[in-house]
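1. I would like to see how this sequence folds:
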Amino acid sequence: MIEPLPRLAPAPTFRLPKLVPLQKWRPAAVNIPPTPAERQRILRAARNYVAEFSPVPPLPITELQQHADRLISELHCSPAFRDYVGVLLNNEMWREQLAGVPFERRLLLLPKCLRVEAKCPATFDEFGLLCKHCGLCSIQDLTVEAERLGYAVLVAEGSAVVMSLIQTGKIDAIVGVSCLSVLERAFPYMEAAAVPGVAIPLLQDDCADTNVDLEWVWEYIHLTAADRTRRLDLGGLREEVDSWFGPASLDEIAGPARNETEVLAREWLRRAGKRWRPFLTVATYRALSGTPDAELPADLRKVAVAVECFHKASLVHDDIEDDDAQRYGEKTLHQEHGVPVALNIGDLLIGEGYRLLAACDVDAARRAEMFRVAAEGQRELCCGQGAELLWTRQPDVLTPLQVVDIFRQKTAPAFEVALRLGALYAGKHEDCAGVLGAYSRALGIAYQIRDDLNDLGVDGESNDIAGLRPSLLLAVARERAKGEARDLLDQLWRRQGRPDSAKIEALYRELKADERCERLLESYKEEAIRELAKLEHPSLKGLLRRVVGKIFNDVEIKGWCREQERENAERRPASVTAMPAA
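-> Model (predicted):
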């Protein structure tokens, strides 16, 4: 552990002075790609670039600019992203060095603007923010987890004490969260000290109530050389899994279709979908196999396709039970071919899943356990769907907890089956079965809440209001409503009359039910991550933590730090390059 500084608690908090850059490198008006997909594309390109050209850190800022410009040219993306690309390149150059530094020799720097300024009870001393652990913002969770690992944590813009810690050898690596403007000013110090440092830019403007990609912070906080999957390209792995569902690949994995019924089943299996579940199976195997760079075994493809067979069968049956007309923007199977054919296709897919598991070359005990895990998941899913179906026969008001329990039974089992089958195939199931179950429950609930939120608006993926299905938004809104609004929502719960979707969604916003559900989504994501702390296997822990970010990476950039831009503008007339204060 780092020795505590005088008059500081074990997790000291203090400020960095205002730094002046050695060279000018001003952020453009919009400097971070606006969509998660674009940011992920650039991140993957930065990792490939560093792997190919092997630039050696620390680089002077002018050289880093040159590398950033070259990568921007290769990607054909906007030059406005130069600073962001530079940060990613710098992070990737230091990534392996950071992984080799023990947690107790690292410093986590967090900005005070992550707090909810209007409600934050924390006080300041001459060193910075003294967190009261009120739970209103992400500072508490990040601080607690980092300190648990052994980090020193500072919540402030920075401090000269940080530099003295570096100079005296108390800190060997830094993980920092800040806006790009502050990162720009701190860069010369990092370069001069040659300290491994990674930076996560803030995603929101103003210097109050800001936001950051939490999964990205979690990944860097937990980055360790013991995690052999830390270099694994999750995007590339997902693309590989997705390729297994083409016609030729399915024929190779499952054998050619022998009749028209099997042709229809394969067609449904190939239809669009996120295919998170087979991806989870393969990712779990990757983490536990001990050989993350080896070619995936052929039988693993059978397990992954079996997982998707079970999932697609549940969707066929669910569409019939809910009488949904569309799935993936096309007609549902029963709308296209009739209910009897669709029922039979769903049943066939369940049988096909078990057939593929039986065909895997594993010992009899593991095969029996794979059957048991799949059967228990199927049973739990049916119980959750049954609870919803029985509700439709006698519809009445459900509380948020009751809705979450339905989510737990309907969505979590498929995630758990996927993860546990991957662990079983790797031969490491007993070491992690309990944690995988708890992680899956939190992940499944978060996933279903995200689906509820995605249903909102004219561009929503489906319409729970028009379909008169239980939703967490409806439960939260009804719990908060009074008078006529509550009466209206009670009628909706009891499936009385024709609902006005626009009116109900306006009521959700008025009652801030959507905001409450957003917070619940974040809390279940965090719960899933907390469960991973119980894992002893560092590779599985690290990979599943990154999986949460992969699935839920949906934050949007909102603008720039206006306070910092004002400070930049005040300094900009000075044409002479200033040296940092001592």
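2. Show me this structure divided up by domain.
-> Here the domain parsing of the chain from automatic domain parsing is 36-230+559-571, 244-552.
3. The last one: how far from the chain's middle?
-> In other words, domain 244-552. Once both centres are worked out by CA atoms, centre = their mean, to the nearest Å, domain 244-552 turns out to sit 16 Å from its chain's centre.
4. for the first one, same thing?
-> A distance of 18 Å separates the C-alpha centroid of domain 36-230+559-571 from that of its chain, computed with CA atoms, centre = their mean.
5. Break down the protein into its strands, ranges please.
-> 106-110, 123-125, 128-130, 152-155, 173-178, 197-201, 326-327, 330-331 (DSSP state E).
6. Verify the contact between F279 and G236 for me.
-> No. At 11.3 Å, F279 does not count as touching G236 under the criterion of CB atoms under 8 Å. Quick note: C-beta positions are derived from backbone N, CA and C, even for glycine.
7. what's the distance between A122 and K112?
-> Distance of A122 to K112, given as CB to CB, to the nearest Å: 8 Å.
8. Pipe the domains of the chain into CSV and attach mean pLDDT and mean neighbour count per row.
-> Below are those laid out as CSV (pLDDT from 0 to 100; neighbours: other CB atoms under 10 Å):
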stretch, mean pLDDT, mean neighbour count
domain 36-230+559-571, 78, 19
domain 244-552, 89, 18
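9. Could you check how far the closest residue to W391 other than its chain neighbours is from L492?
-> Distances taken as CB to CB, 6 or more residues apart in numbering place P470 nearest to W391, at 6.5 Å, with adjacent residues excluded. Look at P470 and L492: by CB to CB, they are 10 Å apart.
10. Give me the common contacts of the two.
-> Counting by CB atoms under 8 Å, 6 or more residues apart in numbering, no residue touches both P470 and L492.
11. ok, now which ones touch T261?
-> Contacts for T261 were tallied using CB under 8 Å, 6+ apart; they are N344, I345, L348.
12. Please repeat the previous calculation with a cut-off of 10 Å.
-> For T261, the contact set (CB atoms under 10 Å, 6 or more residues apart in numbering) comprises V341, N344, I345, L348.
13. hang on, isn't the last one packed against V263?
-> No. The pair L348 / V263 is not scored as a contact, 11.0 Å apart, by CB atoms under 10 Å.
14. And for stretch 134-141, what's in contact with it?
-> Residues outside stretch 134-141 that contact it (CB under 10 Å, 6+ apart) are 13, 110-122, 129, 131-133, 153, 155, 177, 209-212, 214, 217-218, 522-523, 526, 529-530.
15. Please disregard the earlier target; I meant stretch 383-392.
-> For stretch 383-392, the surrounding residues in contact (CB under 10 Å, 6+ apart) are 314, 317-318, 321-322, 382, 398, 402-403, 405-413, 444, 468-470, 493, 495.
16. that older thread, now the contacts of T261 as CSV including distance to Q335?
-> CSV is the format used below for the contacts of T261 (distance: CB to CB, whole Å):
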residue, distance to Q335
V341, 11
N344, 15
I345, 13
L348, 18
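17. now for those, which pair is the farthest apart?
-> Greatest spatial distance among those (CB to CB): V341 and L348, at 10.3 Å.
18. list residues touching both of the two?
-> Shared contacts of V341 and L348 (CB under 10 Å, 6+ apart): T261, L264, V316.
19. Sitting in helices, which of these do you find?
-> Secondary structure defined by DSSP state H assigns T261, L264, V316 of the shared contacts of V341 and L348 to helices.
20. Any chance of a markdown table for those residues, columns distance to V476?
-> Formatted as a markdown table, these follow (distance: CB to CB, whole Å):
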| residue | distance to V476 |
| --- | --- |
| T261 | 43 |
| L264 | 40 |
| V316 | 30 |
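21. closest to A358 among those?
-> Nearest to A358 among these: T261, at 19.9 Å, using CB to CB.
22. And the helices in the stretch 401-550 of the chain?
-> 412-426, 433-454, 472-480, 483-493, 501-510, 513-531, 538-552 (DSSP state H, counting those that start in this stretch).
23. The ones you listed: which one's closest to T143?
-> Judging the helices of the stretch 401-550 of the chain by CB to CB, what sits closest to T143 is helix 513-531, at 13.3 Å.
24. ok, now how distant is L472 from G444?
-> Going from L472 to G444 by CB to CB gives 13 Å.
25. Give me the common contacts of these two.
-> Common contacts of L472 and G444 (CB under 10 Å, 6+ apart): F407.
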